[in-house]
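# let's see this in three dimensions:
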Amino acid sequence: MAWFSPSQALLPEVISLNSRWLPDKPAIVADGRTVTWSEFGLSVNRVVNGLLGSGLEHGDRVVLLMSNSREMAEAIFGTACAGLTVVPLNVSIADEAVLKMIVDSNARAVIASDEHVARIESVRKGLPADLADDLALRLFDVDAPQARNGTWQRFADLRDSASAEPPGVEIRGSDSCNIIYSSGTTGLPKGIVHSHACRMGWAADMCISLRYHSGARTLVTLGMYSNITWVAMLSTILAGGTLVIRSRFEQQDCLQVIEKEGVTHFAMVPVQYQRLLEYERFDDYDLSSLHAYMCCGSPLSVQMKRAITERIPGQLIELYGLTEGLVTILPPEDVPEKIASVGRPCPGQDIRIIGTDGSELSHGEPGEIVGISRLMMNGYHNNPKATEDATWKDPSGRRWLRTGDIGRLDSEGFLYLVDRKKDMIISGGQNVYPADIEAVLVLHTAVSETAVIGLPSRKWGETPVAIVVPQAGARLDSEEFTTWANSRLGRQQRLAATIVVDALPRNPNGKVLKRELRSRYESLEF
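As a prediction, the model looks like this:
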């Protein structure tokens, strides 16, 4: 008999071992109930046996259109432990996009929260006939009319009627664990495929880098379809900690839960930090339980980093990364000297900066960031061209991930983000990086946030235009602001105009949708 190898401890084994050795420890706090690791392990077994008993087979894709809840945790990990592929969808996307992702993933089942059932029903008529006939739908709400007309099966019935005995499913490290569709609100984002071995690599590397431990009580406020949340969940599960799941992010609720539940860890995007610090009663709450918290999704401004470290207890860890499989970390001990950077690659990972001709650039030169790690995706689902486009090969033939981000490395290997390659403005033949301009604009006392985009120019081809959200109660004259900004910007960076708006369009992870801004104002010409 072979000795047990840690490399065999994939997600099902980790959950099973936690259930055995931490039976009375809370695994999940959600919806007013605490679920122990023993209870969670049994629920996962039931979901596995229920899904496989319904006719699903190894490798089948299961779409989840669900709101944050205990049931969503059971659905995610039950599906994965069954050897099925989890396809969690962003609940904020349009119904048309939901249809496209169901078709693209070739889903065999859908599990939906009651509030999203009508959305699935509205797109079912658009499914190809063979897929529509094969699709098994699952629902977990007792009062849903669909559960009574036979179209849907209640998720609770699927779970509770199945055996709690270990299912004995054989899962290999190379098997697909999930398909996470890249953030987007229109069209069809790319489906990012992670294997089970890759996912446990994420869990191990992030558990160390983000300083999770057995006492971790991790607050989940971002959608559980997001890779940011998956990083937090997997790290907590590997450490044997507790997930504190909230249905949504709301400032007062977030602060109350941190205090009441003794939250130690969380993962949020910059706009969430901004809203927390802007909350008028922020200082009324005891946040002393916080140990380490991560920020990612989009870059933190230097001013915001300083505000967070000054006002929130514990350790801020900034992460720059891609769901496709690349991560750099700026740990708290490096913040004082390298506050403008996003850190260095996680241990075991490597990055390079390359020019437009694909050659490696020297320190200090801006170019596209490429990286390599054990966290890299298998590829984009059903999209070999996109997978090839995201690949850079070094002189030895090794495959690296192209990020599409522009950055530079300093002499000590710290990475500084310059901008998204697709957001770069080419004005008069010169590369202009919106992030450099935005860093100046946010210094104005009346500015809450801003985004700079390139719009058509008869003279320059493209020219920078600022979209600005004023501080609450502040007056901002667009012409006066443009004059103020241009007196502080370089010649190529100067704004053609300022457009004042109430809010910037964002995806659910808080990233500003510059594509939408460009589309909104593309008819303007300067």
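# by mean pLDDT, which helix or strand of the chain comes out lowest?
helix 145-148 (a mean of 62; mean pLDDT, DSSP states H and E).
# I'd like the next helix or strand past it.
strand 153-154 (DSSP states H and E).
# now the nearest residue to Gly126 once chain neighbours are set aside: how far from Thr151?
Using CB to CB, 6 or more residues apart in numbering and skipping residues adjacent in sequence, the residue nearest Gly126 is Leu99, 5.0 Å away. No exception for glycine: its C-beta is placed from N, CA and C like everyone else's. Distance, Leu99 to Thr151, using CB to CB, to the nearest Å: 17 Å.
# so for these two, which sits in the more crowded spot?
Leu99 (19 against 15; other CB atoms under 10 Å).
# wait, isn't the more buried one in contact with Ile120?
No. Counting by CB atoms under 8 Å, Leu99 sits too far from Ile120 to count as a contact (9.1 Å).
# what touches both of the two?
Common neighbours of Leu99 and Ile120, using CB atoms under 8 Å, 6 or more residues apart in numbering, do not exist here.
# how about the helices in the stretch 1-150 of the chain?
11-21, 37-53, 70-81, 95-105, 114-124, 129-134, 145-148 (DSSP state H, counting those that start in this stretch).
# next, the buried residues of the fourth one.
Burial within helix 95-105, assessed by neighbour count using 16 or more other CB atoms under 10 Å, is assigned to 97-105.
# what is the nearest of those to Asp160?
Ile102 (26.4 Å; CB to CB).
# dump the residue contacts of that closest one.
Counting by CB under 8 Å, 6+ apart, Ile102 touches 63, 110, 123, 127, 131, 135.
# pull out the buried members of these.
Buried among those (16+ other CB under 10 Å): 63, 110, 123, 127, 135.
# the third one contacts Glu96, doesn't it?
Yes. Here Val123 lies in contact with Glu96, judged by CB under 8 Å, at a distance of 7.4 Å.
# identify the residues contacting the nearest residue to Pro167 once chain neighbours are set aside.
Spatial nearest neighbour of Pro167, chain neighbours left out: Val48 (4.4 Å); criterion: CB to CB, 6+ apart. Applying CB under 8 Å, 6+ apart, we find Val48 in contact with 78, 81-82, 162, 167, 169.
# gap between Val48 and Leu11?
Using CB to CB, one obtains 11 Å as the distance from Val48 to Leu11.
# what touches both of these two?
Common contacts of Val48 and Leu11, defined by CB under 8 Å, 6+ apart, comprise Cys81.
# give me the beta-bridge partners of Arg506?
Arg506 has these beta-bridge partners by DSSP bridges: Val512.
# need the pLDDT of the closest residue to Asp410 other than its chain neighbours.
The shortest distance from Asp410 to any non-neighbouring residue, by CB to CB, 6+ apart, is to His363 (6.3 Å). Note on His363: pLDDT of 93.
# likewise the one 10 residues further on?
Looking at Ser373, its pLDDT stands at 94.
# OK, contacts around the closest residue to it other than its chain neighbours?
Leaving out its chain neighbours, the residue that sits closest to Ser373 by CB to CB, 6+ apart is Gln349, at 3.9 Å. Residues counted as contacts of Gln349 (CB under 8 Å, 6+ apart) are 326-328, 371-375.
# again, 10 Å this time
Neighbouring residues of Gln349 by CB atoms under 10 Å, 6 or more residues apart in numbering: 205, 321, 325-329, 371-376.
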